Structures are given as C-alpha cells and as structure tokens.
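Peer 1: Return atomic coordinates for the entry below.
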Amino acid sequence: MSPASLRRASFAFLVATVLLSGSLAVAKGKGPVPEDYLKGRIIISDKALPTSWTSVGSFVSTVKGMNKATLWYDKKTGKLTIQYAAFFAKPVNDVQVNLVLYDITNGAHTQKVSTENFMQRGDRVLFNSVVFDKEDIEGNKKYMMTIEDRRQIIASGTFILREVGPNYSGKVTFTDEDTKPKEN
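Peer 2: Coordinates of the predicted model:
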C-alpha cells in the first residue's frame, strides 16, 4: 500500500469509527460480570450487539453466538459496518485506547490501520463500530483486530473479510478466427 493510500485508508478508518457506547452497564453488587468471562476478547459482528442484560450467563452466551468468523462486504456499496465489543481483564487506566487492524493472512502481522477510541478511565469494556470500504481494506484476507493500551494488546479477535469476486460462467466462445487452422 502506498503512503498516500495508507493515509487515505487510515483517515477513512478514523472517520468511519463511531462511538456507540462508552461501556456496558456496570454491574452493582457481588458476582461475576461479562468482562470476567470474555476478558481479552473482541466480539465482532455485522449486527448490533446488546448493551444490557438480565443475566450475565445469557448475555455471554448471546454475544459469543453473535461473534462472526467471516464477514462480507455489501455487494452494492462495497462497504461493511462492523460492530464490536472489547472486554478487558482489568480496568483501563486511560481515556484512550487504539484499535489496530493487522493483516494476518500469510502468518505475518502487517498493520493496516490504527485509530483512537475514547472511553472512561476504569472501564473494562468498549462497544463501538467501524465501517470498512473495500477500496481501503482488502477483501478475501484474514485480519486480527486488537485494542491496545500503550502498545500492549488488551483484547483481540480475528475474522476473515470476504468480497464477491468476478463472476465467471465457465462458458467459452470461440470465433471463426480462433478456430481457423494456422498456416506455417
């Protein structure tokens, strides 16, 4: 990717990131919270994730079931809105974390884009969304999405980003010129 293209992709990534909610409802009282079960994970979906719950177990089960391993660009627009929830093992002692996207298709970790996410100090979860455009982020590749605090990964998730390629019928048509014997 050229430097100009990388800047454009980073800018598009930054502009497309929209804060949905600073955090889940904080559980008051004793007992485990979803962050205890999902710590270190990013749940990635193409549907809106729930931000409240009546039971921790049902919430954890629901969001795990919504996690997508494969996402598709829209055929008409060439865009994809990804909803994600990042769960942290311990409270983040900062108001800013970075969302970083790595291409891990061939085993290497090639950073594609990075953008800032803002939250309240002490939160253990971040709900957000991002819009990908197939002109900036290539399809048919495997990506790792991370949330990093001071360059330390505090949550991650992987997915394969697909796009529909050219549609070939498999039918071949020859012209009379193609089938004419060649003269030596």
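Peer 1: how about D133, phi and psi?
Peer 2: phi -120, psi 130 (degrees, to the nearest 10).
Peer 1: what pairs with it across the strands?
Peer 2: Beta-bridge pairing for D133 (DSSP bridges): K79.
Peer 1: wait, doesn't it sit right on I82?
Peer 2: No - at 11.8 Å, D133 does not count as touching I82 under the criterion of C-beta atoms under 8 Å. C-betas here are computed from N, CA, C, even on glycine.
Peer 1: so K64 is in which element?
Peer 2: helix 56-66 (DSSP states H and E).
Peer 1: in this structure, which spans are helices?
Peer 2: Here the chain has its helices, by DSSP state H, at 3-16, 34-38, 56-66, 176-179.
Peer 1: next one: the third one to chain centre, how far?
Peer 2: The reference is to helix 56-66. Centroid displacement of helix 56-66 relative to its chain, using C-alpha atoms, centre = their mean, to the nearest Å, is 19 Å.
Peer 1: in it, what counts as buried?
Peer 2: For helix 56-66, a neighbour-count test (16 or more other C-beta atoms under 10 Å) marks V56, F59, V60, V63, M66 as buried.
Peer 1: would you turn the residues you listed into CSV with pLDDT and distance to G157?
Peer 2: Listed next are the buried residues of helix 56-66 as CSV, based on pLDDT from 0 to 100; distance: C-beta to C-beta, whole Å:
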residue, pLDDT, distance to G157
V56, 91, 20
F59, 92, 17
V60, 92, 15
V63, 93, 11
M66, 94, 12
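Peer 1: for this structure, what spans make up the strands?
Peer 2: Listed in chain order, the strands of the chain (DSSP state E) span 18-21, 42-45, 70-72, 79-87, 96-103, 110-118, 125-133, 141-149, 152-162.
Peer 1: Neighbouring strands of the fifth one in the sheet, and parallel or not?
Peer 2: So that's strand 96-103. For strand 96-103, pairing defined by DSSP bridges yields strand 110-118 (antiparallel), strand 141-149 (antiparallel).
Peer 1: residues making contact with the last one?
Peer 2: Under the criterion C-beta atoms under 8 Å, 6 or more residues apart in numbering, residues 42, 44, 84, 86, 88, 92, 94, 97-105, 109, 112, 117, 126, 137, 153-161 lie in contact with strand 141-149.
Peer 1: Next, give phi and psi for T175.
Peer 2: Dihedral angles (degrees, to the nearest 10) for T175: phi -90, psi 170.
Peer 1: Looking at D133 and I82, which has the bigger crowd around it?
Peer 2: The residue with more neighbours, out of D133 and I82, is I82; 19 against 16, by other C-beta atoms under 10 Å.
Peer 1: mind listing what the more buried one touches?
Peer 2: Contacts for I82 (C-beta under 8 Å, 6+ apart) come out as I44, S45, D46, L71, S129, V130, V131, F132.
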